[in-house]
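In: everything below, folded, please.
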Amino acid sequence: MMTQTHHDAAQAILEVRDAAVHFPLGGRRSLRAVDGVSFEVYPRETFGIIGESGSGKSTLGRSLVCLQSLSSGQLLHEGVDPRQLGARELREHRRSFQMVFQDPNASLNPRIPVGLSVREPLDIASKGTRAEREERVFELMQRVGLHHTLATRYPHELSGGQKQRVNIARALTHMPRLIVCDEVVAALDVSIQADVLNLFAELQRDFGLTYVFISHDLGVVSHISDRIAVMYLGHFMELGPTEALTENPLHPYTQALLAAEPIPLPPSMRGPRTPPLAGEIPSPVNPPSGCRFRTRCPRAEARCASEVPEWRQLAPGHWVACHFAGKGDAA
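Out: Residues are numbered from 1 along each chain as shown. Now for the predicted structure:
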């Protein structure tokens, strides 16, 4: 895991305040993909967001780089609200806030060589001469572990891991301050996932990058993140330093996610585990009242249906939304 950032000494590179993203469905109905989350991300930090499919984490990730508008709430990039910028200013501003997507193949134009895909952001910005831009492409490709001769290849001629490295190189063309990584290793073979995660760590060290790392795989997120937020049905259930959250999870949902992680030990050596989650995540069109996790929570009581849990800090930097967290053995 990367070195913990000293938050008190740095201004947040990203601030999110009560952010919501609702998609209207007609009438008074709407799909509440993100429904009120608040957090900060600090320079050189890796902030992980974990959750099942349908939790809203990818929608949140897109909103962080202005690919999706907020329905309400506030987003600040180093103190700047991008929604207050003019069109030209916003184009310049967004170059410092990039995103790498899950599907490396869909992220590339199949009709042009991958080197041209990497060069395209530089061409649009008219940075340097044509020769200088070409040299920059070769430098970036080599930096992400690709031989520069691959620049003339088309996407179908590369492996999944190579294509994702091309996408990482393209995200680096303007030397961004923050990169949102949305399930960036989910589509890759397990054998090369670790290589790509190590590449992200090296780039962070060398270029001072900041990441928001989104995944459904808690093992992946805990390997690379300084802090982790656990998202469920548009809300954060828990947020804390990686070690604290994985060693002492406070929310039943976090405990269930940890219990679902495979343990590389024979059955005889494994201790008792929390039962896996039952049922499917509810619809974000009509989320449960009170605590949104209550319909699948083994500890749910009547209070959970009538009262939304308070977002509480129970240890330094360790927050949780559960009525019973920190009260004896009740989650």
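In: helices of this protein, residue ranges please.
Out: Assigned by DSSP state H, the chain shows helices spanning 57-64, 87-94, 114-125, 130-143, 160-171, 190-207, 218-224, 242-247, 252-260, 302-306.
In: can you put the ones you listed in TSV and add distance to Ser107, mean pLDDT and mean neighbour count?
Out: Quick note: C-beta positions are derived from backbone N, CA and C, even for glycine. Listed next are these as TSV, based on distance: least, Cβ to Cβ, whole Å; pLDDT from 0 to 100; neighbours: other Cβ atoms under 10 Å:
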stretch	distance to Ser107	mean pLDDT	mean neighbour count
helix 57-64	13	96	23
helix 87-94	17	91	12
helix 114-125	9	94	19
helix 130-143	16	94	16
helix 160-171	5	95	24
helix 190-207	14	92	15
helix 218-224	19	90	20
helix 242-247	28	95	18
helix 252-260	27	90	21
helix 302-306	41	95	13
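In: which one of those helices lies closest to Ser72?
Out: Smallest distance to Ser72 across the helices of the chain (Cβ to Cβ): 11.3 Å, for helix 57-64.
In: contact partners of the closest one?
Out: 14, 16, 19, 21, 33-34, 37, 49-51, 68-70, 75, 97, 99, 102, 178, 180, 182-183, 212, 214, 231 (Cβ atoms under 8 Å, 6 or more residues apart in numbering).
In: then stretch 83-90?
Out: By Cβ under 8 Å, 6+ apart, stretch 83-90 touches 66, 69-70, 75, 82, 93.
In: my read is that Asn109 contacts Val118, right?
Out: No - between Asn109 and Val118 there is no contact under Cβ atoms under 8 Å: 11.3 Å.
In: can you give me the strands for the stretch 201-331 of the chain?
Out: Taking DSSP state E, counting those that start in this stretch as the criterion, the stretch 201-331 of the chain carries its strands at 210-215, 227-232, 235-241, 311-315, 318-321.
In: give me the nearest residue to Ala186, chain neighbours excluded.
Out: Spatially, and ignoring its direct neighbours in sequence, Ala186 is nearest to Gln102 (5.5 Å; Cβ to Cβ, 6 or more residues apart in numbering).
In: quick check, pLDDT for that neighbour.
Out: Gln102 is assigned a pLDDT of 91 by the prediction.
In: how far away is it from Leu245?
Out: 23 Å (Cβ to Cβ, to the nearest Å).
In: then Leu85?
Out: For Leu85, the distance to Leu245 - Cβ to Cβ - is 35 Å.
In: again, but for Ser71
Out: For Ser71 relative to Leu245 (Cβ to Cβ), the value is 28 Å.
In: Ala125 now?
Out: 39 Å.
In: in the sheet, who's paired with the residue nearest the centre of the chain?
Out: Taking Cα atoms, centre = their mean as the criterion, Ile214 is the residue nearest the geometric centre of the chain, at 2.4 Å. Note on Ile214: beta-bridge partners by DSSP bridges are Ile49, Asp182.
In: touching, it and Ala186? I think so.
Out: No - under the criterion of Cβ under 8 Å, Ile214 makes no contact with Ala186, lying 9.7 Å away.
In: list the buried residues for stretch 174-181?
Out: 174, 176-181 (16 or more other Cβ atoms under 10 Å).
In: how is the chain partitioned into domains?
Out: 8-96+176-321, 108-175 (automatic domain parsing).
In: could you dump those domains into JSON lines and include distance to Lys327?
Out: Output for those, formatted as JSON lines (distance: least, Cβ to Cβ, whole Å):
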{"stretch": "domain 8-96+176-321", "distance to Lys327": "10"}
{"stretch": "domain 108-175", "distance to Lys327": "44"}
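In: hmm, back to that, show me the contacts for the residue nearest to the centre of the chain.
Out: Neighbours of Ile214 in contact, by Cβ under 8 Å, 6+ apart: 48-49, 57-58, 60-61, 180-183.
In: how about Pro288?
Out: So Pro288 contacts 282, 294-295, 305 (Cβ under 8 Å, 6+ apart).
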